[in-house]
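In: give the three-dimensional model of this entry:
(chains A, B and C)
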Amino acid sequence: MGDGEQHEPMNAVAETRRTMRADALARELGLELSGDGSLEITGVASLSDAGPTDLSFCRDASHGEALEASKAGAVVLPLDAEPGPRTAILSTNPALDFARAVALLCPPLRPMVGIDPRALVDADCQIHPTACIAAGVSIGRGVRIGARSVVHPNVTLYPGVVIGADCTIHAGVVIREVCELGDRVIVQPGAVIGGDGFGHVMDESGALHRVPQVGRVVIGDDVEIGANTTVDRATLSRTLLRDRVKLDNLIQIGHNSELEEDVVIAAQSGISGSTRVGRGAILMAQTGVSDHLEIGRRTFVGARAGVMRDVADHARVYGSPHMEERSWHRAMAALKRLPGLFKRVRAIERRLGLRGRDSKQGGEAGDD
Amino acid sequence: MGDGEQHEPMNAVAETRRTMRADALARELGLELSGDGSLEITGVASLSDAGPTDLSFCRDASHGEALEASKAGAVVLPLDAEPGPRTAILSTNPALDFARAVALLCPPLRPMVGIDPRALVDADCQIHPTACIAAGVSIGRGVRIGARSVVHPNVTLYPGVVIGADCTIHAGVVIREVCELGDRVIVQPGAVIGGDGFGHVMDESGALHRVPQVGRVVIGDDVEIGANTTVDRATLSRTLLRDRVKLDNLIQIGHNSELEEDVVIAAQSGISGSTRVGRGAILMAQTGVSDHLEIGRRTFVGARAGVMRDVADHARVYGSPHMEERSWHRAMAALKRLPGLFKRVRAIERRLGLRGRDSKQGGEAGDD
Amino acid sequence: MGDGEQHEPMNAVAETRRTMRADALARELGLELSGDGSLEITGVASLSDAGPTDLSFCRDASHGEALEASKAGAVVLPLDAEPGPRTAILSTNPALDFARAVALLCPPLRPMVGIDPRALVDADCQIHPTACIAAGVSIGRGVRIGARSVVHPNVTLYPGVVIGADCTIHAGVVIREVCELGDRVIVQPGAVIGGDGFGHVMDESGALHRVPQVGRVVIGDDVEIGANTTVDRATLSRTLLRDRVKLDNLIQIGHNSELEEDVVIAAQSGISGSTRVGRGAILMAQTGVSDHLEIGRRTFVGARAGVMRDVADHARVYGSPHMEERSWHRAMAALKRLPGLFKRVRAIERRLGLRGRDSKQGGEAGDD
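Out: The predicted structure is shown next:
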């Protein structure tokens, strides 16, 4: 596993990499080039990993030494950086323009256009001729799939599923009946969209009866859904992920919830049922939000926080149950010093001839 | 995504919806009807979403205004409610009887009865003629499947799996060798039953060796298993989910554990190995239970609690590590006020001319 | 579900069990036998479940009574134990040698050698003739699979995937393009290897743009990956799991992270992006580690801990945010006694005629 292997990806599947002349690349990006525009770029890498035909990037001038030391043949640089002799593409936002360059140099894999004869497609479907349906895909009655969308192997689309244009549905994904995706939606492998919500009602004897979940999931445009993430269908109406929602892996979205535009949620977080998360909110990893809550717009929820009450717009919350950021940091700092505080109070009580109310407790002995 | 779309599900897959006359529906439910029994009910919705041919429901009389405002053509009402001119079905438990009505009006999707020719079924299996086996299903040697059970596309059943009657196994589910399900079990997409338990033994050199996991998973009747949930097979004997256990999504059940009847566990919770959870216990979302514990009957474990010791019958526990409910609430309240307590103790020390034992610590400065 | 069913696994799929004479088994294990070597061993079980033809084991002499009471026909015993008349295999490490015996008596299931005609395999692949490729498997262009490796049904291998020798890839697994596995790797059902990392970059307007993830995942030898676990591909280079890493179920490994040799992680834990976990570290269940951290070698992270800063070699940390073991235990103990401390401070303030600074707060009333 030496560094020598670093470039294998570029060779292992040739069709996943293009080579481009630096000047052509700069032109496609609409950016200015400095240095040798005839360089043939064959790959992309970090400054430390890059080789003489790789494109790399430098977020800001502070990366000067790394840039010096790099073997990268070409770099995307901030306008104020000193390119030197190296081929450079100049950008006001190097991280963004490097990402754009990577998208051009490493286009995503696509099965061949059309329906693989080994796909299992119901007769009564509307699949755009430019869509790609791979082998082993199972597509039920009445499914609609838009232009240029790619469905990878072993995906299951239940009857009535609607998928827009330019979507990518990775292998092993399951989308249950009548769920709907917009355009440019990317679903990572193993995600489940439209599984039954978790709802039961109790009878007189205390026994639980399953509540049928007959709603669906509706997903907007430019949404991303992570690997093995689950989004439950609504009980009666819709679980709603609005445009540009980004979900990482292993996330649970409960039935009837709504995520407004631009909500970003990191891995292993969970949103319970009937909760609304406001536009632009960011939830870090392993967070949880209780049911029937309103999470305000542009709120920030720290990693592993447990949100048990509504949160106001622009709030920053941490901890479980959650507190406002400053309160939580002070509480955590105080918690570490708490054992010392017991000692101090004991000393005061001695001075005053007071006995602590719980001084008989064995645990108290630990103070002395 | 306007409300105009709310009813699409009913059109998108006609066969997932039936229309029924209100009087016929009341008769099938064994309930009394008031108002126009000839109304043709075409769908189900909440009071706010319902249209003139939808059935809705009203949990209790307190929903009076919502009922007034609703366009619902028919409603399931508590006996003491005032139906007015609207078609109403009268019930002692409207939530339950509405759920029963939904089950009649929106029967679950079923592939056609029989084995799809594109399913991959070993010759030596016993599959009931009324079962439905969809395309792309892979069924190994010696599998038995009972009457009316439905196996959706791309499911894998390893050799020796036994599935009872009236089960629903959703797409992408994997059930490994010799695991057994009872009757009326519902498994959501992507769930894995019978994966190897996580067990290793150390040799003299400290190296870990895998312990083969050759037991299985045995699941009772009327169990529900959520999407992408994992239930590990036992090392030697059985991981056991007894009748009516309900598991939400993304839950982990460790090897050799036993969940007694009517245990309910919400999403993203985990039960470690060799733990027994008593009958009727409820574990809220994102909880965790350590290995080799006994969790009592009808215990309640609050969301995100971490259970590290045995829990008595009927206990209510919160926090991580868990505390009894009242202790935990008092501790959380005290934690928020802790920074203020440091200030108070510092004030007392000043008054008495005492120096706090940790008063030299930089952190102390924060008190003043 | 009586104990009578305990032995069904051995019958349900005969080919998953072998019978062996006790003396032949001892010989294969290279261990000494005592008692009747002609006993035909037909299965394996715990001391309490074992029958007259089962092999069981006794970790140490302290299990004397259980051994007495057991119906086990044969046992693996520590050297200092008293076998009595029973057939016994003597070992310096009974747990390990029993595991070795189980591996001999219960070999894992294998599809028939070769490529099932119902597998969907690209023409341009290198699959070793001794490998087993099951029905419904989809294998893309340029995939390489080594000797004796088993790929179970409905697995998807994207183009350029490399799998070593003696690997087991269970049903429903997805391995995306150009990811590489070493030898003797076991991947449980539903795991996803090489899904896109979660990375976005903001433009001037504050809108998020997806960062293409064009690196891969490289996995060493003797690695285990649990059911529905997700390991994301790197942005540019490699997400790296070195030899003998063991991952349980529902774990998330972020892009560009590296797990060094012998790292063990229990279920539902998450490692954020660009974090390195040192050799031999153990992370218990439901833990989380932030991004860009260095976790030292042989560190121990307690269940549900949230690691937010670097951790030194051999450290033991608990809690979220994590603390060193002793500090955390003292803090938790103090937290439980905190409400009492408020009372004590209030008593002191009364004695001194002081008013607590927050004594006007309603919460304060709870103290009295």
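
In: mind listing what's buried along stretch A:310-327?
Out: A:311, A:315-323, A:327 (16 or more other CB atoms under 10 Å in any protein chain shown). The way it works is simple: take the backbone N, C-alpha and C, and place the C-beta from them, glycine included.

In: what does stretch A:110-130 give?
Out: Applying 16+ other CB under 10 Å to stretch A:110-130 flags A:111, A:115-116, A:118-121, A:125, A:127 as buried.

In: check which helices and strands the stretch of helix or strand A:V102 belongs to is in contact with.
Out: Element membership for A:V102, per DSSP states H and E: helix A:94-105. If you count contacts as 3 or more CB pairs under 8 Å, 6 or more residues apart in numbering or on different chains; DSSP states H and E, helix A:94-105 packs onto helix A:22-29, strand A:43-44, strand A:54-57, strand A:74-78, strand A:87-91, strand C:200-202, strand C:208-210.

In: for these, which one sits closest to A:V187?
Out: Closest approach to A:V187 among the helices and strands packed on helix A:94-105 is made by strand C:208-210 (13.4 Å; CB to CB).

In: residues touching the most centrally placed residue in chain A, list them.
Out: Per CA atoms, centre = their mean, the C-alpha nearest to the average position across chain A is that of A:D248, at 2.9 Å. The neighbours of A:D248, taking CB atoms under 8 Å, 6 or more residues apart in numbering or on different chains as the test, are A:226, A:229, A:265-269, A:285, C:198, C:252.

In: repeat that for 6 Å
Out: Neighbouring residues of A:D248 by CB atoms under 6 Å, 6 or more residues apart in numbering or on different chains: A:226, A:266-267, C:198.

In: quick revisit: for B:R21, state which of the buried residues of stretch A:310-327 is nearest.
Out: Taking the buried residues of stretch A:310-327 together and measuring to B:R21 by CB to CB, the closest member is A:V311, at 46.8 Å.

In: what helix or strand is A:E68 on?
Out: Applying DSSP H and E, one finds A:E68 within helix A:64-69.

In: how far away is A:E324 from chain B?
Out: 10 Å (CB to the nearest CB, to the nearest Å).

In: so what's that residue closest to, chain neighbours aside?
Out: A:V317 (6.3 Å; CB to CB, 6 or more residues apart in numbering or on different chains).

In: what pairs with that neighbour across the strands?
Out: A:V317 has these beta-bridge partners by DSSP bridges: A:V301, A:E324.

In: and A:V75, by the same measure?
Out: Counting by DSSP bridges, A:V75 is bridged to A:S56, A:A88.

In: which residue of chain A lies farthest from its centroid?
Out: Outermost in chain A, CA atoms, centre = their mean: A:G353 at 59.5 Å.

In: that one: what's it in contact with?
Out: Going by CB under 6 Å, 6+ apart, the list of residues near A:G353 is empty.

In: now the helix holding A:V102 against strand A:74-78, angle please.
Out: 150 degrees (axes from the mean of the first three to the mean of the last three CA atoms, to 10 degrees).

In: in helix A:94-105, what counts as buried?
Out: A:94-102, A:104-105.

In: low-confidence regions, chain A specifically.
Out: Within chain A, the stretches with pLDDT under 70 are A:1-16, A:356-368.

In: the closest residue to chain C within the stretch 201-350 of chain A: how many residues sit nearby?
Out: Among the residues of the stretch 201-350 of chain A, A:A227 lies closest to chain C, at 3.7 Å counting by CB to the nearest CB. By other CB atoms under 10 Å in any protein chain shown, the residues close to A:A227 number 34.

In: check whether it really touches C:I193, as I assumed.
Out: No. Applying CB atoms under 6 Å as the test, A:A227 and C:I193 come out as separate, 9.3 Å apart.

In: how about A:I163, what does it touch?
Out: By CB under 6 Å, 6+ apart, the contact set of A:I163 is A:145, A:149, A:181.

In: any idea how far the second one lies from C:A50?
Out: In other words, A:S149. 56 Å (CB to CB, to the nearest Å).

In: now do the first one
Out: Between A:I145 and C:A50 the distance is 55 Å, computed by CB to CB.

In: who's more crowded, these two?
Out: A:I145 (27 against 23).

In: OK, contacts around that one?
Out: A:127, A:131, A:163.

In: any chance of a markdown table for these, columns secondary structure?
Out: Converted to a markdown table, the contacts of A:I145 look like this (DSSP: H, G, I helix; E, B strand; the rest coil):
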| residue | secondary structure |
| --- | --- |
| A:I127 | strand |
| A:A131 | coil |
| A:I163 | strand |
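
In: show the contacting residues for A:L352.
Out: Contacts here follow CB under 6 Å, 6+ apart; on that basis A:L352 touches C:R351.

In: before we move on, the earlier item: narrow the contacts of A:I163 to those in strands?
Out: Among these, the ones falling in strands (DSSP state E) are A:145, A:181.

In: relative to B:A69, which of the contacts of A:I163 is nearest.
Out: A:L181 (32.6 Å).

In: list the contacts of the closest one.
Out: With CB under 6 Å, 6+ apart, A:L181 has these contacts: A:163-164, A:167, A:219.

In: Serialize the buried residues of helix A:94-105 to JSON lines and add fields for distance to B:P83.
Out: Listed next are the buried residues of helix A:94-105 as JSON lines, based on distance: CB to CB, whole Å:
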{"residue": "A:P94", "distance to B:P83": "68"}
{"residue": "A:A95", "distance to B:P83": "63"}
{"residue": "A:L96", "distance to B:P83": "61"}
{"residue": "A:D97", "distance to B:P83": "65"}
{"residue": "A:F98", "distance to B:P83": "66"}
{"residue": "A:A99", "distance to B:P83": "60"}
{"residue": "A:R100", "distance to B:P83": "62"}
{"residue": "A:A101", "distance to B:P83": "67"}
{"residue": "A:V102", "distance to B:P83": "64"}
{"residue": "A:L104", "distance to B:P83": "65"}
{"residue": "A:L105", "distance to B:P83": "68"}
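
In: quick one: A:L259 and A:I253, what's the gap?
Out: 7 Å.

In: wait, what's in contact with the residue of the stretch 201-350 of chain A closest to chain C?
Out: A:A227 sits next to A:188-190, A:249, C:192, C:195, C:230 when contact means CB under 6 Å, 6+ apart.

In: closest to chain B among these?
Out: So of those, ranked by how close each gets to chain B (CB to the nearest CB), first place is A:G190, at 6.0 Å.

In: interface residues of chain A facing chain B?
Out: For chain A, the residues in contact with chain B (CB under 6 Å from any CB of the partner chain) are A:120, A:138, A:142, A:154, A:156, A:159-160, A:172, A:174, A:177-178, A:192, A:195, A:198, A:201, A:203, A:209, A:211-212, A:214, A:216, A:228, A:230, A:236-237, A:252, A:270, A:288, A:306, A:320, A:330-331, A:334, A:340, A:343-344, A:348, A:351.

In: which of those residues count as buried?
Out: Looks like the residues of chain A next to chain B have A:120, A:138, A:142, A:154, A:156, A:159-160, A:172, A:174, A:177-178, A:192, A:195, A:198, A:201, A:209, A:211-212, A:214, A:216, A:228, A:230, A:236-237, A:252, A:270, A:288, A:306, A:320, A:330-331, A:334, A:340, A:344, A:348 buried, using 16+ other CB under 10 Å.

In: helix, strand or coil for A:I348?
Out: A:I348 ends up helix, using three-state DSSP.
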